[in-house]
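Asker: Build me a structure from this.
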Amino acid sequence: MTNLYSYSAVNKRKTWFLMTGFFIFIMLVGYIFSLAMDDVAIVYIAVFISISMSFISYWFSDKIVLAMSQAKEIDKNNNRELYRLVENLCIAAGLPLPKIYIIEDSAPNAFATGRDPHHAAIAVTSGILGKLEKVELEGVIAHELSHIGNRDILISTIATVLVGIVVLLADWFRRWSFFGGRKHNNNDNNQLGTIMFILAIVFSILAPLFAQLLRLAVSRKREFAADADAALLTRYPEGLARALEKISGDREPLEAANRATAHMYIVSPFKGKEENEKISWFAKMMMTHPPITERIKKLRGQI
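Answerer: Coordinates of the predicted model:
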């Protein structure tokens, strides 16, 4: 399993480069739009909005996600077995005990949220508690604890917010362009100005797609890393592999999930193509999670 664990370490470094690229990308979007609109203030507005929204998501994203998922907090008296399982894994991982939530839904799934290990929560569905064996559930919880320990949820949330900002800026620019909002300056090179304006229009169309692909890439890479860390934590990667097989094989849709929160779950809550079907490279790029077959093969040391 050496290759699996080394993959996890490489993945963490790549994610920070991706997140740095995200902030640079937003500034680039603002800069191009400012050239087309002949207004440098747009760059400052883009940066201000991105920082402000990231601040809001840092403090309130966990509460929003849990409320959207209709998750209910439990304590030791509500479910002793689950509480002790999480507690024991936290001790092994050296993490503080997160708040534990249950979503009343028969579809098996789970996710973690929170801005840091001291302000974190794990949510599992009632379906996963009834359909997985103890060693399989242990693998799932270890996976979610790995997300918490690696601060994946914060990174993923900020990425989602930044994508929203790019989409907002692009939509704003397209609406402005239709109403002829570009300033005219007789001293400007009209030909160069026209070229920049056309480039900005094209960029406003492509920017949201590129930003979304970058967000999805962050999510997919974090899943591989969390799988590897979970296998290391439990010392039994087969438990998580079997859990992934059962969760992905369950055809029941998760009612509490939506497009905004889908990337947070251990397995995509939306049931699409069968995992054993061949998936095109473009389809993989648009997925919030890497293919289950690839994750299982890595856990079993087959690739």
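Asker: ranges for the strands of the chain?
Answerer: With DSSP state E as the criterion, the chain has strands at 72-74, 99-103, 110-116, 119-125.
Asker: Who does the shortest one pair with, and is each partner parallel or antiparallel?
Answerer: When sheet partners are counted by DSSP bridges, strand 72-74 sits next to strand 99-103 (antiparallel).
Asker: residues in contact with the strand it pairs with?
Answerer: By Cβ atoms under 8 Å, 6 or more residues apart in numbering, the residues outside strand 99-103 that reach it are 66, 69-75, 78-79, 82-83, 86, 120-126, 129, 256. For every residue, glycine as well, the C-beta is placed using N, CA and C.
Asker: ok, Leu82 - how many residues close by?
Answerer: For Leu82, the count of nearby residues is 18 (other Cβ atoms under 10 Å).
Asker: Repeat that for Gln70.
Answerer: 13.
Asker: coming back round to it: can you tell which of the strands of the chain is closest to Leu299?
Answerer: Set against Leu299 and scored by Cβ to Cβ, the strands of the chain come closest in strand 110-116, at 16.6 Å.
Asker: Report the buried residues of that closest one.
Answerer: For strand 110-116, burial by neighbour count (16 or more other Cβ atoms under 10 Å) applies to Ala110, Phe111, Ala112, Thr113, Gly114, Arg115.
Asker: Stretch 31-49 too?
Answerer: Buried, per 16+ other Cβ under 10 Å, within stretch 31-49: Ile32, Phe33, Ser34, Leu35, Ala36, Met37, Asp38, Ile42, Val43, Ile45, Ala46, Ile49.
Asker: Roughly how far does Leu132 sit from Arg242?
Answerer: 8 Å (Cβ to Cβ, to the nearest Å).
Asker: Lowest mean pLDDT across the strands of the chain, which one is that?
Answerer: Looking over the strands of the chain, mean pLDDT reaches its minimum on strand 110-116, with a mean of 89.
Asker: if you skip the residues just before and after it, what's nearest to Pro98?
Answerer: Nearest residue to Pro98 in three dimensions, chain neighbours excluded: Ala120, at 4.0 Å (Cβ to Cβ, 6 or more residues apart in numbering).
Asker: ok, so what distance separates the one you found from Lys99?
Answerer: For Ala120 relative to Lys99 (Cβ to Cβ), the value is 7 Å.
Asker: Alright, I will stop here.
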